[in-house]
Structures are given as C-alpha cells and as structure tokens.
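Participant: Pasting the sequence and the predicted model now:
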Amino acid sequence: MGLPHPVFHMSLLKKKVGNAVVPEATLPHTDHLGQFLAEPVGILDRRLVCRGNHSQVQLLIQWFNMPPSAATWEDYEPFMQKNPQISIQSLRTRIC
C-alpha cells in the first residue's frame, strides 16, 4: 500500500485575522516519511521507576518548539543511544 498523497482541500483554509501570528521562516525538521523530528532542549526532571526486578532511570525531556507541559518521560539508556551527540551537561537542566 502506498503512502497517502500530501494534499489538503481549499475548503479547510481559514481567513487570517489580525497580525499577532508571524509565519515561521523555516519548516520544522522531518524524516523521509514527513514525520516531525523531535529535538531535545532540556531535562526538566528525573525519576527512578521499577520494572520487574530492576530499576530504570527516566528523564523528563522538553522538546524544541514545545512548551514544558508537553515534555515526555524517556528511558535514559535508549534516549542516550538515539541522541549520542548530546551530553547531559550540554542540555539545559534543572537537575544536579
């Protein structure tokens, strides 16, 4: 099965009202399927969760262009494997 064709209908467009919203000069980063690529910008918190007989460290990650309320809990090891270019010290962090 093929991918959906990226088309939208003119009937879905809405009239712009006011000057409060400024359009972005650059498009967000996407992968080859058009999915947004999330870029971590900060560690807001950390926690230890139990999984079976072992503990797992999780980090509360704030993502680029997202408010802190949209932060997600990520397992430390997979997060660091997916983001090898990132050191914990290089991220804006509130944890010690």
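Facilitator: Arrived safely.

Participant: Give me the sheet partners of the longest strand seen in the chain and which way each runs.
Facilitator: Longest strand of the chain, by residue count under DSSP state E: strand 40-51. Here strand 40-51 is paired, per DSSP bridges, with strand 54-63 (antiparallel), strand 92-93 (parallel).

Participant: What are the buried residues along that strand?
Facilitator: Pro40, Gly42, Ile43, Arg46 (16 or more other C-beta atoms under 10 Å). Placement of C-beta: from N, CA and C, glycine included.

Participant: Just the CA atoms of it, as CSV, please.
Facilitator: Only the C-alpha atoms of strand 40-51 are listed here, as CSV (Å, rounded to 0.1, in the frame of the first residue of the first chain):
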residue,chain,number,x,y,z
PRO,A,40,15.6,17.7,23.0
VAL,A,41,16.4,21.1,24.6
GLY,A,42,16.2,20.4,28.3
ILE,A,43,15.9,17.9,31.1
LEU,A,44,13.2,19.1,33.4
ASP,A,45,13.3,16.3,36.0
ARG,A,46,14.4,12.7,36.6
ARG,A,47,12.9,9.7,38.3
LEU,A,48,13.6,6.1,39.1
VAL,A,49,10.9,3.5,38.1
CYS,A,50,10.8,-0.2,38.9
ARG,A,51,10.5,-2.7,36.1
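
Participant: ok so, going back, kindly compare burial across the strands paired with strand 40-51 and name the winner.
Facilitator: Most buried of the strands paired with strand 40-51, by mean neighbour count (mean count of other C-beta atoms under 10 Å): strand 54-63, with a mean of 16.

Participant: Next SSE downstream of that one?
Facilitator: For strand 54-63, the following helix or strand on the C-terminal side (DSSP states H and E) is strand 72-75.

Participant: hang on, the earlier thing: ok, of the strands paired with strand 40-51, where does mean pLDDT dip lowest?
Facilitator: Among the strands paired with strand 40-51, strand 92-93 carries the lowest mean pLDDT, a mean of 52.

Participant: Just name the shakiest helix or strand of this structure by mean pLDDT.
Facilitator: Across the helices and strands of the chain, the lowest-confidence element by mean pLDDT, DSSP states H and E is strand 92-93, at a mean of 52.

Participant: before we move on, the earlier item: tell me which of the strands paired with strand 40-51 sits nearest to Gln81.
Facilitator: Gln81 lies closest, by C-beta to C-beta, to one member of the strands paired with strand 40-51: strand 54-63, at 13.1 Å.
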